[in-house]
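> next input, structure requested:
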Amino acid sequence: MKIGVIGIGDIAQKAYLPILAQTKGIEVCMCTRNKKTLHDLRERYRFTYSCQQVDQLISQGIHAAFVHSSTASHEAIIDQLLDHDIHVYVDKPITYNGSSSKRLIEKAQRKGLVLMVGFNRRYAPPYQSLGEIPNPNMILMKKNRGHHAVGSRTFIFDDFIHVIDTVLHLFPYQIEETQISGKLVEDDLHSVVIQLQAIEGIAIGIMNREAGTTEERLEVMNEEETRIVENVSEVFSHQNKSIQKYPVDDWEPTLHKRGFYAIVESFLASVRKEKGTYIGYEKDLKSHLLAEKIVNRLEKKDK
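Numbering: from 1, shown residues only. The predicted structure follows:
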């Protein structure tokens, strides 16, 4: 099976190319406009084909493509791939806009193609352990950075959408009310807080991009236990006054801990199945539409 990789920058080099190079049964074709990067990575991984244009990549008869180019380029590239009946895996977000993301998801559905978004935290074993907590009454996630205030749409869609998707993924209830607040100074968003209210519980997502540090913490609580994951790696269970730390395999690759191996395997498995078998569209769409709602609320377009 021929697999294209479009855009081979930082995330592709750190996460995806090492995994694809080890995956049996596929032939990888790289595509980027940077000649030197293309040459260096082709030498490193011994991939048989590389090119500088998406048209050239499509002409190779690829079955699926990983899209790691800039977010601004996603819509045109995904449209082109879907038009040629090519399955797509794209780094989050699909686009910077809820309506265009919805259009592409619906297009993939009509054509019976896979359009999977790279929400790797759904597949990260530490976070999957939090899904074992029955009947959660509160979920709290924060993902902070230092000195990175940026425009609200970029902030929410490029970064905070991971918090949105993780909270939605773990919150099993019908949302009755959504509260949104943030610190917007001129055109830059510094921080945001969302609260999702259900009859059974509350889910809260926080991001401060002026926190002076980079950290990520996720807590899931019920009447019997609070389970916590720090930086997508260490897992702690708090019950009464006791604290238990789950054992960590120091030899386990970081890409496995963060869910990259599992999400790549899931995408390739979906591609190998018959058309129309991908079931992730609804969750992917829900995260993008909530991201759009947050941007509109912060920019006072949604009152």
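
> phi, psi for the residue located most distally from the centre of the chain please.
Relative to the C-alpha centroid of the chain, counting by Cα atoms, centre = their mean, Lys241 is the outermost residue, at 34.9 Å. Phi and psi for Lys241, reported as degrees, to the nearest 10, are phi -110, psi 10.

> return the distance of it relative to Met116.
The spacing between Lys241 and Met116, counted by Cβ to Cβ, to the nearest Å, is 43 Å. The C-beta positions use only the backbone N, C-alpha and C, and glycine is treated the same way.

> now do the SS call for the closest residue in space to Gly182 that isn't next to it in sequence.
Of all residues not flanking Gly182 in the chain, Val192 sits nearest, at 3.9 Å (Cβ to Cβ, 6 or more residues apart in numbering). Here Val192 is recorded as strand under DSSP: H, G, I helix; E, B strand; the rest coil.

> ok, Leu268 next?
Three-state call for Leu268 (three-state DSSP): helix.

> pretty sure it is touching Ile26, no?
Yes. Using Cβ atoms under 8 Å, Leu268 is in contact with Ile26, at 7.1 Å.

> joint contacts of those two?
Both Leu268 and Ile26 are contacted by Met1, Ile3, under the criterion Cβ atoms under 8 Å, 6 or more residues apart in numbering.

> which one of those two is surrounded by more residues?
Applying other Cβ atoms under 10 Å to Leu268 and Ile26 shows that Leu268 carries more neighbours, namely 20 against 15.

> ok, now which ones touch that one?
By Cβ under 8 Å, 6+ apart, the contact list for Leu268 reads Met1, Ile3, Thr23, Ile26, Ala64.

> now Asn208
Lys142, Asn144, Arg145, His190, Ser191.

> go with 7 Å
Residues near Asn208 by Cβ atoms under 7 Å, 6 or more residues apart in numbering: Asn144, Ser191.

> could you measure from it over to His84?
According to Cβ to Cβ, Asn208 and His84 sit 42 Å apart.

> cool, Asn97 as well?
23 Å.

> so between the two, which is more surrounded?
The residue with more neighbours, out of Asn97 and His84, is Asn97; 17 against 14, by other Cβ under 10 Å.

> wait, what's in contact with that one?
When contacts are counted by Cβ under 7 Å, 6+ apart, Asn97 touches Glu292.

> and it, how far from Thr48?
Applying Cβ to Cβ, the value for Asn97 to Thr48 is 37 Å.

> repeat for Tyr16
Distance from Tyr16 to Thr48, counting by Cβ to Cβ: 17 Å.

> in terms of neighbours, single out the busier of those two.
Neighbours per residue, other Cβ under 10 Å: of Tyr16 and Thr48, the larger number sits with Tyr16, 23 against 12.

> look up the closest residue to that one, ignoring the ones flanking it.
Distance criterion Cβ to Cβ, 6+ apart; nearest residue to Tyr16, sequence neighbours excluded, is Phe66 at 5.8 Å.

> and what of His63?
Excluding the flanking residues, the one nearest His63 by Cβ to Cβ, 6+ apart is Met1, at 5.0 Å.

> in the chain, which residue is most central in space?
Geometric middle of the chain (Cα atoms, centre = their mean) lands on Phe119, at 2.4 Å.

> touching, that one and Lys92? I think so.
Yes. Applying Cβ atoms under 7 Å, one finds Phe119 in contact with Lys92, separated by 6.0 Å.

> ok, back up a step: quick one, what contacts the residue farthest from the centre of the chain?
Counting by Cβ under 7 Å, 6+ apart, Lys241 has no contacts.

> now it: how far from Leu140?
Distance, Lys241 to Leu140, by Cβ to Cβ: 20 Å.

> pLDDT of the longest helix along the chain, averaged?
The single longest helix within the chain, with elements called by DSSP state H, is helix 281-298. Averaging pLDDT along helix 281-298 yields 96.

> can you show me the CA trace of that helix as CSV?
Extracted C-alpha coordinates of helix 281-298, given in CSV (Å, rounded to 0.1, in the frame of the first residue of the first chain):
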residue,chain,number,x,y,z
TYR,A,281,-16.2,11.8,12.1
GLU,A,282,-18.7,12.8,14.8
LYS,A,283,-16.1,13.3,17.5
ASP,A,284,-13.8,15.2,15.2
LEU,A,285,-16.5,17.5,14.0
LYS,A,286,-17.8,18.1,17.6
SER,A,287,-14.3,19.3,18.6
HIS,A,288,-14.0,21.7,15.6
LEU,A,289,-17.4,23.2,16.1
LEU,A,290,-16.8,23.8,19.8
ALA,A,291,-13.5,25.5,18.9
GLU,A,292,-15.4,27.8,16.5
LYS,A,293,-18.0,28.6,19.2
ILE,A,294,-15.2,29.5,21.6
VAL,A,295,-13.5,31.8,19.1
ASN,A,296,-16.8,33.5,18.2
ARG,A,297,-17.7,34.0,21.9
LEU,A,298,-14.3,35.5,22.7
